[in-house]
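Enquirer: fold the following.
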Amino acid sequence: MNRIRTAKYIIVLIIILFATTSMAADTGFAVRTSKIMDKPFRDAKAIGTLKKGDNVNILKRKGGWLRISKGESKGWVRMMRVRRGKPGGKPAAGTEAKGVLGLASGRAGSGNVVASTGVRGLSEEELKEAAFNGKELKKLESFNVSNKDARVFAKEAKLVSRSVDFLPAPERK
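Expert: Next up is the predicted model:
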């Protein structure tokens, strides 16, 4: 009876141990100096600076951005500016093989196709969180130019119109 109780305690301790380690933030370091932004956008307000070699805690990923904490401050940096692990340290066991296998398969993670820059497409969670933003749509539409304005711009820039043939149809197997 006492052995069963001890075994139960050990199982509970193991579960708690794994639960707390999985909730812990990933650590990383800055591979180059960059600005820490208040939002995950290129034109967001800079709220600090991350210097090359600074250690950070990685809290969240959103598109090509990582939410990090450095000391008491939190913010967003470009994903390519931070590397997981410690400077000069060896990656965690299995991450190298997993990365290579992910590239070989064209996938890295559940349902995420790897893009050439290393940024993955939208995850299922990000798609569920997506919401209509009329303000951003109006901003996008403000970049629209008329055909006439485009031709005037092209003429002023001395751009030349060229005809380009369509690519041949791919061979079917």
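Enquirer: going by C-alpha atoms from here, please, whenever you check contacts or count neighbours.
Expert: Will do.
Enquirer: max-length strand in this structure?
Expert: In the chain, taking DSSP state E as the definition, the longest strand is strand 55-62.
Enquirer: residue nearest the centroid of this protein?
Expert: Nearest residue to the geometric centre of the chain (C-alpha atoms, centre = their mean): G64, 3.1 Å.
Enquirer: so who does I68 touch?
Expert: Neighbouring residues of I68 by C-alpha atoms under 8 Å, 6 or more residues apart in numbering: V56, N57, I58, L59, K60, K74, G75, W76, V77.
Enquirer: for the third one, which non-adjacent residue is spatially closest?
Expert: Take I58 and drop its neighbours on the chain: the residue closest to it by C-alpha to C-alpha, 6 or more residues apart in numbering is I68, 4.6 Å away.
Enquirer: any idea what that neighbour is bridged to?
Expert: I58, G75 (DSSP bridges).
Enquirer: JSON lines for the contacts of I68, including distance to A46, pLDDT and neighbour count?
Expert: Putting the contacts of I68 into JSON lines (distance: C-alpha to C-alpha, whole Å; pLDDT from 0 to 100; neighbours: other C-alpha atoms under 10 Å) gives the following:
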{"residue": "V56", "distance to A46": "17", "pLDDT": "92", "neighbour count": "24"}
{"residue": "N57", "distance to A46": "18", "pLDDT": "91", "neighbour count": "20"}
{"residue": "I58", "distance to A46": "18", "pLDDT": "90", "neighbour count": "22"}
{"residue": "L59", "distance to A46": "18", "pLDDT": "91", "neighbour count": "17"}
{"residue": "K60", "distance to A46": "18", "pLDDT": "88", "neighbour count": "12"}
{"residue": "K74", "distance to A46": "11", "pLDDT": "91", "neighbour count": "19"}
{"residue": "G75", "distance to A46": "9", "pLDDT": "93", "neighbour count": "21"}
{"residue": "W76", "distance to A46": "9", "pLDDT": "94", "neighbour count": "27"}
{"residue": "V77", "distance to A46": "10", "pLDDT": "92", "neighbour count": "27"}
